[in-house]
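Undergrad: the sequence isn't on hand, but the structure is:
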Ligand SMILES: [Zn+2]
């Protein structure tokens with residue numbers, strides 16, 4: 001039996017799930033669920049803000065990406081490679097989870113600021129009396 005047999009399912013955090021599923025605070029997804037007028041990236045202006053753009057390309061996250069590479073040695077930041085890296089060891093799993101946590105929490109904070117802007121488009125404004133997010137929470 002190896003260390004992975006003991007790992008609880010809850011270890012797949014909310015923010016890792018957002019990155020893996022693409023159902024999170026990404027322009028592409030927010031546009032698809034009609035929360036944003038377009039799919040572009042608010043951080044760098046790229047035309048399509050997907051989870052893959054955030055992981056591999058967005059120049060806003062250069063430091064987070066460098067930290068992830070330093071700990072894990074990962075070169076290829078495709079989703080397939082990121083998942084394989086996570087499964088490599090507990091240390092690498094934690095490094096990926098930490099990177100997702102840092103990046104997604106900042107993206108969410110920026111999204112909250114856009115929602116709170118009194119000049120925000122109606123579709124972007126914070127909804128009251130309705131479930132605000134359609135994401136599935138996996139963490140307790
Ligand atoms: Zn970007």
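TA: Good, I have the coordinates. Every value quoted in this text rests on a predicted model; they were computed, and no experiment measured them.
Undergrad: and residue 135, what pLDDT?
TA: Per-residue pLDDT puts residue 135 at 53.
Undergrad: for the nearest residue to residue 83 once chain neighbours are set aside, what are its contacts?
TA: Nearest residue to residue 83, sequence neighbours excluded (C-beta to C-beta, 6 or more residues apart in numbering): residue 20, at 6.9 Å. Where C-beta positions appear, they are placed from N, C-alpha and C, glycine not excepted. Contacts for residue 20 (C-beta atoms under 8 Å, 6 or more residues apart in numbering) come out as 51, 79, 82-83.
Undergrad: then residue 49?
TA: When contacts are taken as C-beta under 8 Å, 6+ apart, residue 49 is in contact with 26-28, 39-43, 58.
Undergrad: ok, so what distance separates it from residue 23?
TA: Separation of residue 49 from residue 23 (C-beta to C-beta, to the nearest Å): 13 Å.
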